[in-house]
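Colleague: Task: produce atomic coordinates for the following.
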Amino acid sequence: MGVSYTASVAGMRTFQALHLVRTTDVWIGIGKSTPWNEADSAPEVSGSSSLTEPIGYKKAEKVRFVVPDAEGDIVQFEQRWRLVTEEEGRQSLARWVYVAAWIAGDELPAVSYRQSAIVTGLTLAPETPPGKLAVLAAEVGDHGLPLVVNYRSPIHRAADQREYLEFIVEF
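Modeller: Numbers count the residues shown, from 1 in each chain. This next block holds a predicted model:
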């Protein structure tokens, strides 16, 4: 009887990244308006974390392959990244996806939040007009699946403020 070994390979990660790049249903959510604890210090994120106390969601404006590049113009945690085309991402077996969106002050409530997340599979409530790019939690029928969740110190939103939320998702 023969021996067989199976492992996922780099192509699997690129396949997962490509699936996210091609998904038209990617949202960035914010949540958790109440303090984490008495000191309001963010707890550690775990694999079972989700967006709690959702405030609202903004449709992602950029969902693109990125690759590490010392000259790249995207900076995340002291590392530089460069946007690449889908073809370049596939050829280089890229496993990173850049997801970003602007949130204008009047699109979502001017409240403090402590979580941000990338979500897919979100569906609007039946009474929510189709095509909205920013929705309140009450306008959502199904909050979808969180792909990435970020716990942080409070971010205080003001009605006249614009924020750029961005993530690098690694597969």
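
Colleague: From the centre of this protein outward, give me the first residue you hit.
Modeller: Compute the mean C-alpha point of the chain, and by C-alpha atoms, centre = their mean the closest residue is Ile118, 2.5 Å away.

Colleague: element containing that one, please.
Modeller: Assigning secondary structure by DSSP states H and E places Ile118 in strand 112-120.

Colleague: Could you point out the helix or strand that follows that strand?
Modeller: Next in line after strand 112-120, if elements are assigned by DSSP H and E, sits strand 123-124.

Colleague: Could you check how far that next one is from the centre of its chain?
Modeller: Using C-alpha atoms, centre = their mean, to the nearest Å, the mean C-alpha position of strand 123-124 is found 17 Å from that of the whole chain.

Colleague: from here on, count from 32
Modeller: Okay, residue one is now 32; in that scheme the one you just asked about reads as strand 154-155.

Colleague: ok, which stretches of this structure are helices?
Modeller: Along the chain, the stretches classed as helices by DSSP state H are 41-53, 117-122.

Colleague: Quick one: closest of those to Ile61.
Modeller: With C-beta to C-beta as the measure, helix 41-53 is the member of these nearest Ile61 (19.7 Å). C-beta here means a position set from N, CA and C on the backbone, and glycine is covered the same way.
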